[in-house]
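> Predicted model, plus sequence, below.
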Amino acid sequence: MNANTWTSAENGHRPPSKKTAPRFAEKLGVDAGWLLYGREEEPEVGEKLIPLVSWVSAGAMKKSEGITPAEIERYVPVAGLPKGDWMALRVDGDSMDRIAPQGSIIVVDRADDTLLNDRFYVFALEGGEATFKQYRRSPTPMLRPYSTNLDHLALPVSADEFYVVGRVRRVINDV
């Protein structure tokens, strides 16, 4: 390796490229992905095949039985997703039609269950009933519809009433 290349990288003037990172990593005894991206591996930028496993109510809580591999309808190709535990669900109802109309597909990260204000999640009760709603923390915690249909009302909840299945990160609509 050229001494100038090493010195420039060491001083922070020119970080290692994808081509030189493996050589730097070998000399330093670290992973090349860590040098380039700050973690062990490259970021996932390609297309993933996400299992479309079922449906979720965008209305009242409805029960959906447990999912088995036989219940996977098909795989949906989705690009640009970060690391996560992904599944896709078909929307049934109109309480979220401003972002996910009836029949659209939502892509849910089951690994992301930290509730953030005004984000969209799939929630479930212990009995298995589930719904897709927007979470609102204040003035009192509630699950809110995001709909053009004004008949849908927000559902006040407490954390022990439901669990978070996952955060909705993408909506896919066919036109």
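Structure received.
> dump the residue contacts of the closest residue to residue 109 other than its chain neighbours.
Counting by Cβ to Cβ, 6 or more residues apart in numbering, residue 109 lies nearest to residue 84, which is 3.8 Å off, once chain neighbours are set aside. In short, each C-beta sits where N, CA and C put it, glycine included. Contacts for residue 84 were tallied using Cβ atoms under 8 Å, 6 or more residues apart in numbering; they are 109, 110, 111, 112, 169.
> do the same with residue 168
Contacts of residue 168 (Cβ under 8 Å, 6+ apart): 100, 106, 107, 108, 119, 120, 121, 122, 132.
> Grab the most central residue of the protein for me.
The residue lying closest to the centre of the chain (Cα atoms, centre = their mean) is residue 109, at 3.3 Å.
> Please name the bridge partners of that residue.
residue 86, residue 167 (DSSP bridges).
> roughly how far apart are it and residue 127?
23 Å (Cβ to Cβ, to the nearest Å).
> same thing with residue 105?
Residue 105 sits 25 Å away from residue 127, taking Cβ to Cβ as the criterion.
> Neighbour count for those two, which is higher?
residue 105 (20 against 8; other Cβ atoms under 10 Å).
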